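>>> how would this look folded up:
(one chain, ligands or ions: 2)
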Amino acid sequence: MNSIKIFKPEVKNGNIQAVDINGKVVKGIVRDHMLELALDNNQCIVYNEETGKCYRKDVQLYYDQAPTEKEVEASEKIDADPVLAFIHNSPELIPDTMKISDLKWKYLMRSAVRGKNIMMTGPAGCGKTMAAQKVVEATGRPHFYFNLGATQDPRATLIGNTHFKKEEGTSFSQSAFVKAIQTENAVILLDEISRAHPEAWNILMTVLDYGQRYLRLDEHENAPTIEVAKGVCFIATANIGNEYTATRAMDRALVDRFTIIEMDTLNKEQESGLLKDLHPGITVEQADTIAEIASLTRKEVTNEAPKLTNAISTRLSVEIAGLLEDGFTLPEAAEACIYPFFDADGGVDSERTYIKQLVQKYIGTAEEDIFNADEVEAQEEQV
Ligand SMILES: Nc1ncnc2c1ncn2[C@@H]1O[C@H](COP(=O)(O)OP(=O)(O)OP(=O)(O)O)[C@@H](O)[C@H]1O
Ligand SMILES: [Mg+2]
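Ligands and ions are numbered 1, 2, ... in the order given. Coordinates of the predicted model:
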């Protein structure tokens, strides 16, 4: 469809000319005679770039394709404002190794540039942390990373430590987080916020509130506060609404302080493409097989009476592809890194048994295919 262009005939200063859907005059493509005929019959010209041929069609086709006045206005506004232009052209910055829709990426970039609090949600291993890190890189702003899921002492991580020395008395050493929030235009990653200690959530409440935007250094009402600098953006990641029990149910008020961006799980084609990109040593069939098995597990967990409570994540798919690239067979890779993820409790009715049967189906066909391929090659050599 990209090789088709549509023009409208227009008379200017007594000359007939072809005008494209953006209102630009295009010369040297359509003959004047054809333009005149089109004009007389209320038609437009459809030009096929590949064949070089022009056809006359009802003029409505031109108007259907041409951007409306509003669209033109919007695109002029985008072109005139460097921030908007950056946001709308940002899909060009999506790295090849990151699979994310242009719209989600643009939404992320826009929220980052506008200093919003963003929460990336989605199941384990679907690229939340990765997307957050890529956005940080793409914006080129100062950035800080905090893994809230790993902190045992939220107060020390987010505020700092109080020390006592005999000679000097009590002193306070600020946390890296205090420095981060005072850095203008910083992008601050709050990874695994859903697994954070509830005290971390409490401390963050005022920091994330657009109306408050300060950090209180201790619980007392009159305790000193530190203002969040201009343009600071927070990007949190969370496993919410899924199977992870380690994830504490987050406070509604905390979640409300964020713009939620849900990461999409990849479909079979996207996942297979990613595996091949990351591990070019595997075959297309191997990439497809892994993607197919992963996709079946993802479908299974959404069933009404699911046989699995856990699906194979993209992270795990990538891991399996890496093993195959290093010469492991699919049965070996499955044994090493798929089965341990599934519960063996319940014997023949266990999730482990179910996933084994599922993988076995594919191991069968994959090996037969390889076997047959060898046979065909051997026969060809004989001829
Ligand atoms: N959409 C994606 N595009 C490219 N790679 C992906 C994607 N999703 C997952 N991956 C792969 O999986 C790995 C894990 O991704 P990431 O750490 O971002 O997941 P996560 O969603 O943060 O998981 P968790 O909930 O466990 O923290 C990445 O290093 C990458 O190899
Ligand atoms: Mg993560």
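
>>> how about the secondary structure of Cys54?
Three-state call for Cys54 (DSSP: H, G, I helix; E, B strand; the rest coil): strand.

>>> show me what contacts it?
Ile29, Val30, Arg31, Met34, Ile45, Val46, Tyr47, Asn48 (Cβ atoms under 8 Å, 6 or more residues apart in numbering). (Glycine included, C-beta is placed from N, CA and C.)

>>> again, but for Glu227
So Glu227 contacts Gln182, Arg213, Tyr214 (Cβ under 8 Å, 6+ apart).

>>> again, but for Thr170
Thr162, His163, Phe164.

>>> can I get those residues in CSV including secondary structure, neighbour count and pLDDT?
Putting the contacts of Thr170 into CSV (DSSP: H, G, I helix; E, B strand; the rest coil; neighbours: other Cβ atoms under 10 Å; pLDDT from 0 to 100) gives the following:
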residue, secondary structure, neighbour count, pLDDT
Thr162, strand, 12, 79
His163, strand, 11, 79
Phe164, strand, 8, 78
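
>>> may I see those residues arranged in JSON lines, with distance to Ser173 as well?
Output for the contacts of Thr170, formatted as JSON lines (distance: Cβ to Cβ, whole Å):
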{"residue": "Thr162", "distance to Ser173": "8"}
{"residue": "His163", "distance to Ser173": "7"}
{"residue": "Phe164", "distance to Ser173": "12"}
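
>>> any figure for the gap between Lys70 and ligand 1?
Lys70 sits 33 Å away from ligand 1, taking Cβ to the nearest ligand atom, to the nearest Å as the criterion.

>>> going forward, the N-terminal residue is numbered 11.
All set: I'll call the first residue 11, so the last point we hit is now Lys80.

>>> tally of neighbours for that residue?
Other residues lying near Lys80 total 8 when counted by other Cβ atoms under 10 Å.

>>> and for Gly337?
Neighbours of Gly337 using other Cβ under 10 Å come to 8.

>>> coming back round to it: just the buried residues of the contacts of Cys64.
Burial by neighbour count, 16 or more other Cβ atoms under 10 Å: within the contacts of Cys64 this picks out Val40, Met44, Ile55, Val56, Tyr57.

>>> which single residue in the protein comes nearest to ligand 1?
Proximity of the chain to ligand 1 (Cβ to the nearest ligand atom) peaks at Gly137, 2.7 Å away.

>>> so that residue touches Val328, yeah?
No. Applying Cβ atoms under 8 Å, one finds Gly137 not in contact with Val328, separated by 10.1 Å.

>>> so which of the contacts of Glu237 are in strands?
In this view, the contacts of Glu237 that belong to strands under DSSP state E are Tyr224.

>>> dump the contacts of Glu237 to a markdown table, plus pLDDT.
Listed next are the contacts of Glu237 as a markdown table, based on pLDDT from 0 to 100:
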| residue | pLDDT |
| --- | --- |
| Gln192 | 97 |
| Arg223 | 95 |
| Tyr224 | 94 |
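
>>> return a PyMOL selection command for the buried portion of the contacts of Glu237.
In PyMOL, a selection of the buried entries from the contacts of Glu237 looks like this (16+ other Cβ under 10 Å):
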select buried, resi 223
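
>>> still on that earlier bit, show me the contacts for the residue of the chain closest to ligand 1.
So Gly137 contacts Met108, Lys109, Ile110, Met273, Thr324 (Cβ under 8 Å, 6+ apart).

>>> which of the residues you listed sits closest to Ile88?
Ile88 has its nearest neighbour among the contacts of Gly137 in Ile110, at 20.9 Å by Cβ to Cβ.

>>> what about the closest one, neighbour count?
Neighbours of Ile110 using other Cβ under 10 Å come to 22.

>>> Thr193: how many residues sit nearby?
Neighbours of Thr193 under the rule other Cβ under 10 Å: 17.

>>> just give the closest residue to it, not the sequence neighbours.
Leaving aside its chain neighbours, Thr193 sits nearest to Pro152 (5.2 Å; criterion: Cβ to Cβ, 6 or more residues apart in numbering).

>>> count the neighbours of that neighbour for me.
Considering only other Cβ under 10 Å, Pro152 is surrounded by 14 other residues.

>>> hmm, Ile191 and it touching each other?
No. Counting by Cβ under 8 Å, Ile191 is not a contact partner of Pro152; they are 11.5 Å apart.

>>> so, low pLDDT: which residues of the stretch 111-260 of the chain?
Counting by pLDDT under 70, the stretch 111-260 of the chain contains low-confidence ranges at 251-258.

>>> all the strands of it, residue numbers only.
For the stretch 111-260 of the chain, strands defined by DSSP state E, counting those that start in this stretch occupy the ranges 127-131, 153-157, 170-175, 179-184, 197-201, 224-226, 235-237, 243-248.

>>> out of the ones you listed, deepest packed?
strand 243-248 (a mean of 27; mean count of other Cβ atoms under 10 Å).

>>> what's it packed up against?
helix 112-123, strand 127-131, helix 138-149, strand 197-201 (3 or more Cβ pairs under 8 Å, 6 or more residues apart in numbering; DSSP states H and E).

>>> check whether it comes near ligand 1.
Yes. With Cβ under 6 Å from any ligand atom as the criterion, ligand 1 is reached by strand 243-248 at Thr247.
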